[in-house]
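J.: I would like the atomic coordinates for the input below:
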Amino acid sequence: MSSKLRAKPLPSQAPLFWLALALVVGYCLPAGWALGLSGGGLLTLLALRKRWALPAFAWVSPVAMGVGVGLQVRQQPPVVPPVAAHVTVWGTLAQDARPTPYGYYSLLTLDSLQADGHSAVPSSARGVLYHAALPGEGLLLQGSRLRVVGTLRDLGAIRNVPYRTSLARQGFSFTLRADSLVALAPPAGVLGLRTRAATRLADLGLAAPSSALLRALVLGDRGGLAPEDRAAFLTSGTAHLLAVSGLHIAVVVYVLSWGLGLGRWRGRGWYLRAVAGLGLLVLCIPLTGGSPSVVRATLVVVLAWGALLLERKPVALNLLGASFLAQVVVNPWVLESLSFQLSYAAVTAILLGMPVVATALEGRPGWLRYPAELLALGCWAQLGTLPLQLLAFGAFSTYGLAVNLVAVPLSSLVLLLGVGCLALGGVPLIGPALVYLAGQSSALLLGLNRAVAEWPGAYRTGLAVAPWQAGLGAAALVGLGLWLYYRRGRGPEVLQIA
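T.: Here you go, the predicted model:
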């Protein structure tokens, strides 16, 4: 990257980032404190308006903080179904089935409900479904229609108080423990493409652990992973690889750029190919389950690509703020999602911290610069998510930073081979070779995580912190990142697309 692109963007060049930050402050602080800070900010701005020409976003930031307070105190009214000891329900999965040490859980939206001795009644309530096993075909993805017979209870059955409170705020109102579960219909539309892709990967003939890992990395379907394998990824600090995220979108962007010839000089048809590439990229959201990290990465790339089409400079922090605000506007309750919080915390830390690293390594040879940047990237991501990890889990992985230096490139290889198996698995010679390489690399990644999980002291527990301690740590990290970004680093200002 040339030094021309390393000029520090001023705060006024990333107004959406600052608005998103103000909204987060208003959402996280106690309501009284946040309102007081918002009012004090407005009064300060009024006092300074005659001395300095203040940018428009400075006036909107206290308002955004007030909006955060409104989202904090607001609670979506749940649709409460009649609670009965034994029911038969028909509904649609709002989330993939995910394994736990005791079976599987997913989020369910009801279509109708029938209690013993009564006729079925329509219901649109949402709740948590617990079940011991997957259906015979081993796939239970978002959008599947189900018939479940089991025991219905209210949310009081969930012992984890923060999780129960978060569900209640989002409008969930019941738990359903299944005695029997039948998949009536697979997901329809675009979600059906994901089911067919998962079935194709499952039919490659790989060993069950490798096949399950391949589906998790390519499609975000973690339902087939054995509990001990999930625990190994968590212990080794590589559990983030099992969630479809910015890594996957980066691979897709690279493939699209290469396949559509977008890296070459613009010529006839370049704009048409770029628009087609954007459409294919957006298709990745439903194909991978629509997790907050996928939506975040896709929105950032789409906005950056769109800015380049309009011959404008995309500022990375501004793009991150725009994607954050867009998700909150569409679904305010996404703020309660831990994956949403971890995703934005990690990327914010990387964008604020990496410029100073790039400045320090400028002019160094590639053999030193690239490993150092990868190590620094992992350090900033882990540091940015540490307060949330300690608050949510009270633990962290001891060797995660070192293991990710190997696991991240290896998982990228597995991802590319998995996509190749989907596209070329039926081609003679090429298909079997891709399947073999995908199986071997998946087994290698599994073996790495299983081995690290056995190391002494691999997972430190008992480190839980109070919410105010996590908030104080996060505020200190953001302050440090902003100081480094604006005082020590020199960019990068422009988010480059491969």
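J.: least confident secondary structure element in this protein?
T.: strand 121-122 (a mean of 64; mean pLDDT, DSSP states H and E).
J.: I'd like the next helix or strand past that one.
T.: As assigned by DSSP states H and E, the chain's next helix or strand after strand 121-122 is strand 126-131.
J.: that next one pairs with which strands?
T.: strand 103-115 (antiparallel), strand 172-185 (parallel) (DSSP bridges).
J.: check which element follows that strand along the chain.
T.: Using DSSP H and E, the helix or strand that follows strand 126-131 towards the C-terminus is strand 145-153.
J.: strand 126-131 and the following helix or strand past that next one, what's the angle between them?
T.: Proceeding N to C from strand 145-153, the next assigned helix or strand is helix 161-169, under DSSP H and E. Angle, helix 161-169 to strand 126-131, by axes from the mean of the first three to the mean of the last three C-alpha atoms, to 10 degrees: 130 degrees.
J.: any figure for the gap between Q95 and C284?
T.: 18 Å (C-beta to C-beta, to the nearest Å). (Each C-beta comes from the backbone N, C-alpha and C, glycine too.)
J.: likewise for W305?
T.: Per C-beta to C-beta, W305 is found 13 Å from C284.
J.: over to S173?
T.: The spacing between S173 and C284, counted by C-beta to C-beta, is 32 Å.
J.: helix or strand for the closest residue in space to V25 that isn't next to it in sequence, which one?
T.: Nearest residue to V25, sequence neighbours excluded (C-beta to C-beta, 6 or more residues apart in numbering): M65, at 5.6 Å. Secondary structure from DSSP H and E places M65 in helix 56-73.
J.: quick one: strands adjacent to the following helix or strand past that helix?
T.: Remark: after helix 56-73, the chain's next helix or strand is strand 87-93, criterion DSSP H and E. Strands that pair with strand 87-93, judged by DSSP bridges, come out as strand 103-115 (antiparallel), strand 145-153 (antiparallel).
J.: the shortest one - what's its average pLDDT?
T.: Meaning strand 145-153. Strand 145-153 carries an average pLDDT of 88.
J.: on that earlier part again, of all the strands paired with strand 126-131, which lies closest to L342?
T.: L342 lies closest to strand 103-115 among these, at 18.5 Å (C-beta to C-beta).
J.: may I have the closest one as PDB, with CA atoms only?
T.: What follows is strand 103-115, C-alpha atoms only, in PDB (Å, rounded to 0.1, in the frame of the first residue of the first chain):
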ATOM      1  CA  GLY A 103     -28.000 -32.500  22.800                       C
ATOM      2  CA  TYR A 104     -29.000 -29.700  20.500                       C
ATOM      3  CA  TYR A 105     -30.800 -26.300  20.700                       C
ATOM      4  CA  SER A 106     -32.300 -23.900  18.100                       C
ATOM      5  CA  LEU A 107     -34.800 -21.000  17.900                       C
ATOM      6  CA  LEU A 108     -38.300 -21.900  16.800                       C
ATOM      7  CA  THR A 109     -41.100 -19.700  15.500                       C
ATOM      8  CA  LEU A 110     -44.500 -21.400  15.900                       C
ATOM      9  CA  ASP A 111     -47.100 -21.800  13.300                       C
ATOM     10  CA  SER A 112     -49.700 -23.600  15.400                       C
ATOM     11  CA  LEU A 113     -50.000 -25.400  18.700                       C
ATOM     12  CA  GLN A 114     -52.100 -28.300  19.900                       C
ATOM     13  CA  ALA A 115     -52.300 -29.200  23.600                       C
END
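J.: now it: how far from the chain's centre is it?
T.: Distance of strand 103-115 from its chain centroid, counting by C-alpha atoms, centre = their mean, to the nearest Å, is 24 Å.
J.: let me know the secondary structure of G457.
T.: coil (DSSP: H, G, I helix; E, B strand; the rest coil).
J.: that one - nearest residue in space that isn't next to it in sequence?
T.: T398 (5.5 Å).
J.: can you check G418 too?
T.: Spatial nearest neighbour of G418, excluding adjacent residues (C-beta to C-beta, 6+ apart): V218 at 3.9 Å.
J.: hang on, isn't that neighbour packed against L416?
T.: No. Contact criterion C-beta atoms under 8 Å: V218 and L416 do not qualify, at 9.6 Å.
J.: between the two, who's got more neighbours?
T.: Counted by other C-beta atoms under 10 Å, V218 and L416 do not tie: V218 has more neighbours, with 25 against 18.
J.: quick one, what contacts that one?
T.: By C-beta atoms under 8 Å, 6 or more residues apart in numbering, the residues touching V218 are 197, 201, 415, 418-419, 422.
J.: report pLDDT for it.
T.: 86.
J.: and it, that's in a strand?
T.: No. According to three-state DSSP, V218 belongs to no strand; its state is helix.
J.: for this protein, what's the longest helix?
T.: Counting by DSSP state H, the longest helix found in the chain is helix 366-392.
J.: measure the spatially most central residue of the chain to V253 for me?
T.: The chain has S293 as the residue nearest its centroid, 2.4 Å off, counting by C-alpha atoms, centre = their mean. Plainly put, S293 is 15 Å away from V253 if you go by C-beta to C-beta.
J.: any stretches of the stretch 1-150 of the chain with poor pLDDT?
T.: 1-13, 45, 48-59, 72-84, 101, 116-123, 134-139 (pLDDT under 70).
J.: okay, helices next: where are they in the stretch 151-300 of the chain?
T.: Using DSSP state H, counting those that start in this stretch, the helices of the stretch 151-300 of the chain run over residues 161-169, 190-202, 208-219, 227-236, 246-259, 270-287, 292-309.
J.: chain center to the third one, what's the gap?
T.: Just to be clear, that refers to helix 208-219. The chain centre lies 18 Å from the centre of helix 208-219; the measure is C-alpha atoms, centre = their mean.
J.: just the CA trace of it, in PDB.
T.: C-alpha atoms of helix 208-219 as PDB (Å, rounded to 0.1, in the frame of the first residue of the first chain):
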ATOM      1  CA  ALA A 208     -17.800 -38.100   9.700                       C
ATOM      2  CA  PRO A 209     -15.600 -35.700  11.700                       C
ATOM      3  CA  SER A 210     -14.000 -34.300   8.600                       C
ATOM      4  CA  SER A 211     -17.300 -34.000   6.800                       C
ATOM      5  CA  ALA A 212     -18.900 -32.200   9.700                       C
ATOM      6  CA  LEU A 213     -16.000 -29.800   9.900                       C
ATOM      7  CA  LEU A 214     -16.100 -29.100   6.200                       C
ATOM      8  CA  ARG A 215     -19.900 -28.200   6.500                       C
ATOM      9  CA  ALA A 216     -19.200 -25.900   9.400                       C
ATOM     10  CA  LEU A 217     -16.400 -24.000   7.700                       C
ATOM     11  CA  VAL A 218     -18.100 -23.700   4.300                       C
ATOM     12  CA  LEU A 219     -21.700 -23.200   5.300                       C
END
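J.: next, the buried residues of that helix.
T.: By neighbour count on 16 or more other C-beta atoms under 10 Å, the buried set for helix 208-219 is 209-219.
J.: ok, the residues you listed vs V128, which is closest?
T.: A216 (21.3 Å).
J.: thought that closest one was touching R222?
T.: Yes. A216 lies in contact with R222 (C-beta under 8 Å); the separation is 4.7 Å.
J.: overlap of the contact sets of those two?
T.: Common contact partners of A216 and R222 (C-beta under 8 Å, 6+ apart): L242.
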